[in-house]
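Colleague: When you get a sec, could you give me coordinates for this:
(2 chains)
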Protein chains: 2
Amino acid sequence: MTTPQAIDWNSLASELTGIEIINDPTQVAKLSLDYYHFSPVLESQLKDKRGNIVVRPTTVAEVLEIARVCVKYKAPLTVRGSGTGNYGQCIPLNGGLILDTTRMNQINWIKPGLASVQPGVKLAAFDKEAHKIGWELRMAPSTYRTATIGGFIGGGSGGIGSITYGVLRDRGNLNAVQVVTLEDQPRVIELRSDQVQKVNHAYGTNGIITELEIPLGPVYPWAEVIVVFDDFMTAARFGQALGDADGLIKKLISIHAWPIPSYFAALSNYLPEAKHCALLMIAESSLEPFQDLVREYGGEVTYQKTAQE
Amino acid sequence: MTTPQAIDWNSLASELTGIEIINDPTQVAKLSLDYYHFSPVLESQLKDKRGNIVVRPTTVAEVLEIARVCVKYKAPLTVRGSGTGNYGQCIPLNGGLILDTTRMNQINWIKPGLASVQPGVKLAAFDKEAHKIGWELRMAPSTYRTATIGGFIGGGSGGIGSITYGVLRDRGNLNAVQVVTLEDQPRVIELRSDQVQKVNHAYGTNGIITELEIPLGPVYPWAEVIVVFDDFMTAARFGQALGDADGLIKKLISIHAWPIPSYFAALSNYLPEAKHCALLMIAESSLEPFQDLVREYGGEVTYQKTAQE
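Modeller: Residues are numbered from 1 along each chain as shown, chains lettered A, B, ... in the order given. This next block holds a predicted model:
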């Protein structure tokens, strides 16, 4: 790898005809960073890191071309989706070219239980389409509205839905990926089943993900529920019992000891002082037997919103 | 209770105007028995048991009328669906009236995740309707084609699907039942949530089930697969690992040590001599990562049929 300072970026860019390139420093700065500033440690280490140019391909052919040019110029290449991670995984430590996948946002197909997508499809946008045939992503992070599927696979681990399906690295939660390599002759490779672990959670460093085949979960009408408890261990045991109850369908079980609930400002009306809480998503068809479980553990439902509300 | 011999059955029957009554001895004999003869012990104990008459109501009002008349005459009453059980649960030990629920076979409504049905709806017939909106019963016994939902709740315990949802008695697998009592003034009672356990698996002895609200599971395209192993404990561990793999969607895991597979005559082409087998139903979207698990345990897939075949 040459240092980015030694690279003739105009020359490099001139070889990428037809591909969207961003040179504007403000835009490049914005697309060089993620939510690293959540960390006071990373804040000082990463705040000045910048790429040299940003490219926004729309096809695998364009990604191959970008890979070829990066190899030719020995330019660092950093892959990113929406940059919603907060560990600095898509910040270019040594400048170089930033490959923004957000224009590769096609859904190839969706069928019951399975879909094929480009990496730049946003999670919520995907679900909007999949919901039309009764399916959705098995799990999603808190950055659901803006995060891309490729970025989630590259840098994510699990999320809402993991109580049922486990985490992304668990067998069966990612069926296949197509990647472009950064070899002397960049290639398009398809990795299937266990082979996907070579690029799963690898931040794009082992290959540029250009397509993903992802299993789906069925859509239930999900109700959002908050239950509060006087005693933390009772709340924890309630969460465990709900997790173990195969007959109760759930998407989220999130147990919080006071004073953590005091930070959930938007929910303060439903989180009484000094109480421990369970934030839950429950299938509406399970709500009634679920309430028996709440009674058994002496919990109090302070909030309940059905899927229609 | 009076002995059935002392009851004037013609008089009793005359009070049940408008309700289908069966007096023909051959028919009454047939509807007095279940698959008890699977047991050599029960065979001798039950083979001569007969009811006096069979009634086939179609509405709750008719069931109430039958209950009223049975109380008035102190006549024994035995409830049955299709009689596919094999423990003699719906065989009248002391004669009396047999209440056959198979004409109460209306589906009241089906929505995503939940349905309301009369007890005489057959399991497979129900699924045929529910499949139209992408849902199905969470679990089903081997008598799926002929058994009724009411009979399954009255006498069943679990079945294909229990690997995911647990068994019928587990919280969340039966939302509500309506029952008719056999009191001096028979009543219609609705039991919801935990209250359903009063009649769940009680063979109709605690009340005549006249309506059920049952949670559903999503339909996946299910593939049927047979995997064989040289070593039984490897087969068992494979089954456990598959059961624990939250990312792999399954409906059946059934592990059999040789020589049990030698009794599965219809499958003999796929069950090699001296090998131990796993009979499986796997979501098609999970088939590919599932095969990695098979490889990991050194299993051999001898049969695979997709949902379309």
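
Colleague: May I have the secondary structure class of the residue nearest the centre of chain A?
Modeller: Nearest to the centroid of the C-alpha atoms of chain A, with distances taken as C-alpha atoms, centre = their mean, sits A:F152, at 2.7 Å. Here A:F152 is helix, with the state taken from DSSP: H, G, I helix; E, B strand; the rest coil.

Colleague: if I look at it, how far off is A:P218?
Modeller: The gap separating A:F152 from A:P218 is 20 Å, by C-beta to C-beta, to the nearest Å. Heads up, the C-betas are built off the backbone N, CA and C, glycines and all.

Colleague: try A:G120
Modeller: To A:P218, A:G120 is 25 Å away according to C-beta to C-beta.

Colleague: Show me which of the two is the more surrounded one.
Modeller: A:G120 (25 against 21; other C-beta atoms under 10 Å in any protein chain shown).

Colleague: Could you report the distance from that one to A:I107?
Modeller: A:G120 sits 11 Å away from A:I107, going by C-beta to C-beta.

Colleague: Repeat that for A:P92.
Modeller: Distance of A:P92 to A:I107, given as C-beta to C-beta: 29 Å.

Colleague: Would you check that the residue nearest to the centre of chain A makes contact with A:P141?
Modeller: Yes. Applying C-beta atoms under 8 Å as the test, A:F152 and A:P141 come out as touching, 6.3 Å apart.

Colleague: got any residues that touch both of the two?
Modeller: Among the neighbours of A:F152, those also in contact with A:P141 (C-beta atoms under 8 Å, 6 or more residues apart in numbering or on different chains) are A:L123.

Colleague: for the lengthiest strand in chain A, packing partners?
Modeller: Criterion DSSP state E: the longest strand present in chain A is strand A:208-218. Helices and strands touching strand A:208-218, by 3 or more C-beta pairs under 8 Å, 6 or more residues apart in numbering or on different chains; DSSP states H and E, are helix A:60-73, strand A:77-80, strand A:114-117, strand A:135-137, helix A:149-155, strand A:176-180.

Colleague: wait, which of these is closest to chain B?
Modeller: Closest to chain B of these is strand A:114-117 (C-beta to the nearest C-beta; 4.1 Å).

Colleague: average pLDDT for that closest one?
Modeller: Averaging pLDDT along strand A:114-117 yields 98.

Colleague: cool, stretch A:144-162 as well?
Modeller: 96.

Colleague: So for that stretch, what gets flagged as buried?
Modeller: A:144, A:147-156, A:158-162 (16 or more other C-beta atoms under 10 Å in any protein chain shown).

Colleague: quick one: pLDDT of the closest residue to A:T306 other than its chain neighbours?
Modeller: In this structure, A:T306 finds its nearest non-sequential neighbour in A:A223, 5.1 Å apart by C-beta to C-beta, 6 or more residues apart in numbering or on different chains. Listed pLDDT for A:A223 reads 97.

Colleague: doesn't A:A223 fall inside a helix?
Modeller: No. Going by three-state DSSP, the assignment for A:A223 is strand, not a helix.

Colleague: mind checking how far it is from B:I282?
Modeller: Look at A:A223 and B:I282: by C-beta to C-beta, they are 30 Å apart.

Colleague: Settle it for me: which of those two has more neighbours?
Modeller: Neighbour totals were compared for A:A223 and B:I282, and B:I282 leads with 25 against 22 (other C-beta under 10 Å).

Colleague: Any idea what the more buried one is bridged to?
Modeller: With DSSP bridges as the criterion, B:I282 is bridged to B:A223, B:K250.

Colleague: Surely A:V301 is in contact with A:L293?
Modeller: No. The pair A:V301 / A:L293 is not scored as a contact, 11.1 Å apart, by C-beta under 8 Å.

Colleague: Of those two, which one has the most company?
Modeller: The neighbour comparison of A:V301 against A:L293 (other C-beta under 10 Å) goes to A:L293, with 21 against 17.

Colleague: Contact partners for that one?
Modeller: A:L293 touches A:238, A:241-242, A:245, A:248, B:171, counting by C-beta under 8 Å, 6+ apart.

Colleague: Same list, those, but as JSON lines with pLDDT and secondary structure please.
Modeller: Putting those into JSON lines (pLDDT from 0 to 100; DSSP: H, G, I helix; E, B strand; the rest coil) gives the following:
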{"residue": "A:F238", "pLDDT": "98", "secondary structure": "helix"}
{"residue": "A:A241", "pLDDT": "98", "secondary structure": "helix"}
{"residue": "A:L242", "pLDDT": "98", "secondary structure": "helix"}
{"residue": "A:A245", "pLDDT": "97", "secondary structure": "coil"}
{"residue": "A:L248", "pLDDT": "98", "secondary structure": "coil"}
{"residue": "B:R171", "pLDDT": "96", "secondary structure": "coil"}
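
Colleague: Put the buried members of these into a PyMOL selection.
Modeller: In PyMOL, this line selects whichever of the contacts of A:L293 come out buried by 16+ other C-beta under 10 Å:
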select buried, (chain A and resi 238+242+245+248) or (chain B and resi 171)
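
Colleague: Switch the contacts of A:L293 over to a markdown table; also include distance to A:T78.
Modeller: What follows is the contacts of A:L293, written out as a markdown table (distance: C-beta to C-beta, whole Å):
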| residue | distance to A:T78 |
| --- | --- |
| A:F238 | 44 |
| A:A241 | 45 |
| A:L242 | 41 |
| A:A245 | 44 |
| A:L248 | 43 |
| B:R171 | 49 |
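
Colleague: Output stretch A:141-149 in PDB with nothing but the alpha carbons.
Modeller: Presented in PDB, the C-alpha positions along stretch A:141-149 are these (Å, rounded to 0.1, in the frame of the first residue of the first chain):
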ATOM      1  CA  PRO A 141     -30.600  -3.000  15.500                       C
ATOM      2  CA  SER A 142     -31.700   0.300  17.000                       C
ATOM      3  CA  THR A 143     -30.500   2.100  13.900                       C
ATOM      4  CA  TYR A 144     -33.200   0.300  11.900                       C
ATOM      5  CA  ARG A 145     -34.400   3.300   9.900                       C
ATOM      6  CA  THR A 146     -31.100   4.400   8.500                       C
ATOM      7  CA  ALA A 147     -28.800   1.400   8.700                       C
ATOM      8  CA  THR A 148     -28.100  -0.700   5.500                       C
ATOM      9  CA  ILE A 149     -28.300  -4.500   5.400                       C
END
